[in-house]
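Student: Sharing a sequence plus its predicted fold:
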Amino acid sequence: MGQSLRYCQRYSKRWRASGDPLCDSALCAVFPHSASSVGKDLLSCLEEHAARHPDSQPVTAFLDQVLCEPPTGIYVSPDEVHLAHEFFLDNCSEIIQALLHYSLAGGFASPRIVRTLLAVSYLVPHSKRDTQLARQTRGSQVATDAPFVSDAASRISSTSNERTFSRLLETFQFVLDVLGCSSPSTNSSELVSEKLAQTRDPVAYLKPGGEGWSLAAFSAIPIWCLRRLHVPPSELHANAYLALWRHVGFYLGISPSILLRYFSGPDVADKFIATAALHLFSADDGEDLADAPTVPILRAASNRPPTYTSFEYNCALSRHLLGPSLALRVGLGPPSISTLIRMHTVLFLQRIPHLFAQWYPRRGWVIKRRAVLREGMARSLRWNLGMRRVSFRPRTAIKSTNVVSATQGIDEGGELAEGVKEAESIRPDPQGAAVLVRKWREVWMEMIGVCVGATAIGIGLGWSGARYMELHLYNV
């Protein structure tokens, strides 16, 4: 571990400064300034430009690089893709919790990352007055006190809150695309479109602590959190899940040497997470803590369907996954006893389907549950996005105005360009939704019925055995 930490600290600055020169050159050749790319499908634009100008070396060089197959050792096999899909669907609730409460709310709260988040206005409040009030409040209160956290959440404007939620949904859309819930997971065009949109945003270069940190947030951290949630994955499924994301990392521009060295297996990836986290949180800055996205992310995810979890519950779950030490670093103090009891109750109930699937012999139930979850997550996401299927087109730039209301500042930008909603819109399918609800109800009723029946049989056999022993001993 010590050697890994020294290596991570040695190369972290070089990795943070690294970008993707081919991608930068290609985008600059087609889009001279960021405003010219707003609302456009960047990959389609690059491909059209290459067709019209085959001698455009920056564009053709970039397309040749990103549309080729990954090298040996990084390319994911069809069997691994299938296992990774099963792994995600069987553990989707826990993986989503890991992404939200650890990777985003916790990992992006490092002082080293917050400065970049502020520069690009990603997952943070977009009002100067919000930030100033948070810093003033922090000066009179302890950052980890519940009143401070609740007060900071209440000061986030509704516009900023909805924008943060929209960005979270777009991130989740990317995850579903990779894991085959809404499009082929290894489709290089989909992955490159996401890379280009982020590069122009420019969130793709949020790679503090190493180029692999953003990839670890999607791949290794969920595997680690499953153990924390007492749902440990099998070695076969964990390796397949990591292999799929290793393949994706190649299309996102991560160096093959990093992929092969730090994502060759779950144990190696765990060491990378530990050393990178130590580096990211090795320095504290009170102002950066006030600016951190932890509270905005947890606030944006609160009271949303289908779970409708409260802000206090989200804070408690983040603290549970991060651990007390790291939770204090991001400003999350101990929850109330009632919230803690509720959280552990919900986490226990989450484990029941896992236990049921292990012991229930009918394979059809597991297959049906996976199918319902695959379709249900995609439908729920599209509904929350306003019946859209995101194609990762750059938004307008965010800028703060000098107009300030009595309680908070007003900001502009960060919106979808004209015509994007229409281009991404999807027609509602009420009949399909009704069928999905019926299947979901059947899945749950079968599980509940089997559990109740098995419990009743167990009680009956126990009572009969006790009665037999009582009569037998009495006769003797």
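Tutor: Yep, it's here.

Student: What segments of the stretch 51-200 of the chain are helices?
Tutor: With helices called from DSSP state H, counting those that start in this stretch, the stretch 51-200 of the chain shows them at 57-66, 78-90, 92-98, 111-120, 128-140, 146-154, 158-178, 188-200.

Student: low-confidence ranges in this protein?
Tutor: Within the chain, the set of residues satisfying pLDDT under 70 comprises 1-19, 111-148, 182-211, 282-291, 397-414, 472-476.

Student: Which residue would you name as the spatial centre of this structure?
Tutor: Among the residues of the chain, L99 comes closest to the average C-alpha position under C-alpha atoms, centre = their mean, at 3.5 Å.

Student: That one is in contact with S219, isn't it?
Tutor: No - L99 is beyond contact range of S219, at 10.4 Å (criterion: C-beta atoms under 8 Å). (C-beta placed from N, C-alpha, C; glycine too.)

Student: which residues sit against stretch 240-250?
Tutor: 70-71, 74-77, 79-81, 83-84, 87-88, 178-179, 185-186, 191, 212, 215, 218-220, 222-223, 233, 256, 259, 263, 265-266, 269 (C-beta atoms under 8 Å, 6 or more residues apart in numbering).

Student: Can you say which of the residues you listed are buried?
Tutor: With neighbours counted by 16 or more other C-beta atoms under 10 Å, these contain buried members at 70, 74, 76, 80-81, 83-84, 87-88, 178-179, 185-186, 191, 212, 215, 218-220, 222-223, 233, 259, 263, 266, 269.

Student: where exactly do the helices run in the stretch 201-350 of the chain?
Tutor: Going by DSSP H, counting those that start in this stretch, the stretch 201-350 of the chain shows helices at 213-218, 220-228, 235-251, 256-262, 266-280, 286-291, 294-300, 311-322, 324-329, 337-359.

Student: Pick the most buried one from the ones you listed.
Tutor: helix 294-300 (a mean of 27; mean count of other C-beta atoms under 10 Å).

Student: Show me what that one is packed against.
Tutor: Contacts defined by 3 or more C-beta pairs under 8 Å, 6 or more residues apart in numbering; DSSP states H and E place helix 294-300 against helix 146-154, helix 158-178, helix 311-322.

Student: now that helix: how far from the chain's centre is it?
Tutor: 13 Å (C-alpha atoms, centre = their mean, to the nearest Å).

Student: what comes into contact with it?
Tutor: The contact list for helix 294-300 (C-beta under 8 Å, 6+ apart) reads 100-101, 104-106, 108-109, 123-125, 149, 152-153, 156, 160-162, 164-165, 168, 311, 314-315, 318, 330-332.

Student: Can I get the buried ones among those residues as something I can paste into ChimeraX?
Tutor: Filtering the contacts of helix 294-300 down to the buried ones (16+ other C-beta under 10 Å) takes a single ChimeraX command:
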select :100,101,104,105,106,108,109,123,124,125,149,152,153,156,160,161,164,165,168,311,314,315,318,330,331,332
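
Student: sorry, back to before: is it possible to get a markdown table of the helices of the stretch 201-350 of the chain that adds distance to E47?
Tutor: Formatted as a markdown table, those follow (distance: least, C-beta to C-beta, whole Å):
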| stretch | distance to E47 |
| --- | --- |
| helix 213-218 | 25 |
| helix 220-228 | 33 |
| helix 235-251 | 15 |
| helix 256-262 | 24 |
| helix 266-280 | 34 |
| helix 286-291 | 38 |
| helix 294-300 | 34 |
| helix 311-322 | 41 |
| helix 324-329 | 43 |
| helix 337-359 | 43 |
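
Student: Out of the ones you listed, which gets nearest to T396?
Tutor: When the helices of the stretch 201-350 of the chain are compared by C-beta to C-beta, helix 294-300 sits nearest T396, at 19.6 Å.

Student: Quick check: the gap between the residue nearest to the centre of the chain and W444.
Tutor: 24 Å (C-beta to C-beta, to the nearest Å).

Student: longest single helix anywhere in this structure?
Tutor: helix 430-475 (DSSP state H).

Student: That one packs against which elements?
Tutor: When contacts are defined as 3+ C-beta pairs under 8 Å, 6+ apart, helix 430-475 sits against helix 337-359, helix 363-384.

Student: Can I get the ones you listed in a markdown table including distance to H247?
Tutor: Below are the helices and strands packed on helix 430-475 laid out as a markdown table (distance: least, C-beta to C-beta, whole Å):
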| stretch | distance to H247 |
| --- | --- |
| helix 337-359 | 27 |
| helix 363-384 | 20 |
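
Student: Ok, which of those comes nearest P21?
Tutor: Checking these against P21 by C-beta to C-beta gives helix 363-384 as the closest, at 33.9 Å.

Student: buried ones in the closest one?
Tutor: Applying 16+ other C-beta under 10 Å to helix 363-384 flags 365-366, 368-370, 372-379, 381-382, 384 as buried.

Student: Residues contacting it, please?
Tutor: Outside helix 363-384, the residues touching it (C-beta under 8 Å, 6+ apart) are 86, 89-90, 92, 165, 169, 172-173, 176, 180-182, 304-306, 353, 357, 360, 388-389, 426, 432-433, 436, 439-440, 442-443, 446-447.

Student: make it 7 Å
Tutor: By C-beta atoms under 7 Å, 6 or more residues apart in numbering, the surrounding residues in contact with helix 363-384 are 86, 89, 92, 169, 172-173, 176, 181-182, 306, 357, 388-389, 426, 433, 436, 439-440, 443, 446.

Student: Helix, strand or coil: sort out P428 for me.
Tutor: coil (DSSP: H, G, I helix; E, B strand; the rest coil).

Student: So it sits against M387, correct?
Tutor: Yes - judged on C-beta atoms under 7 Å, P428 makes contact with M387 at a distance of 6.2 Å.

Student: Which one's more surrounded, the two?
Tutor: Each of P428 and M387 has its neighbours counted (other C-beta atoms under 10 Å); M387 has more, 15 against 11.

Student: residues contacting that one?
Tutor: Taking C-beta under 7 Å, 6+ apart, we find M387 in contact with 425-426, 428.

Student: pull the CA atoms of stretch 337-351 into CSV?
Tutor: What follows is stretch 337-351, C-alpha atoms only, in CSV (Å, rounded to 0.1, in the frame of the first residue of the first chain):
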residue,chain,number,x,y,z
ILE,A,337,-31.1,7.8,15.8
SER,A,338,-34.5,7.7,14.0
THR,A,339,-32.9,8.3,10.6
LEU,A,340,-30.2,5.7,11.4
ILE,A,341,-32.8,3.1,12.3
ARG,A,342,-34.8,3.8,9.2
MET,A,343,-31.6,3.6,7.0
HIS,A,344,-30.6,0.2,8.3
THR,A,345,-34.1,-1.1,8.0
VAL,A,346,-34.3,-0.1,4.4
LEU,A,347,-30.8,-1.6,3.7
PHE,A,348,-31.9,-4.9,5.3
LEU,A,349,-35.1,-5.0,3.2
GLN,A,350,-32.9,-4.3,0.1
ARG,A,351,-31.0,-7.6,0.8
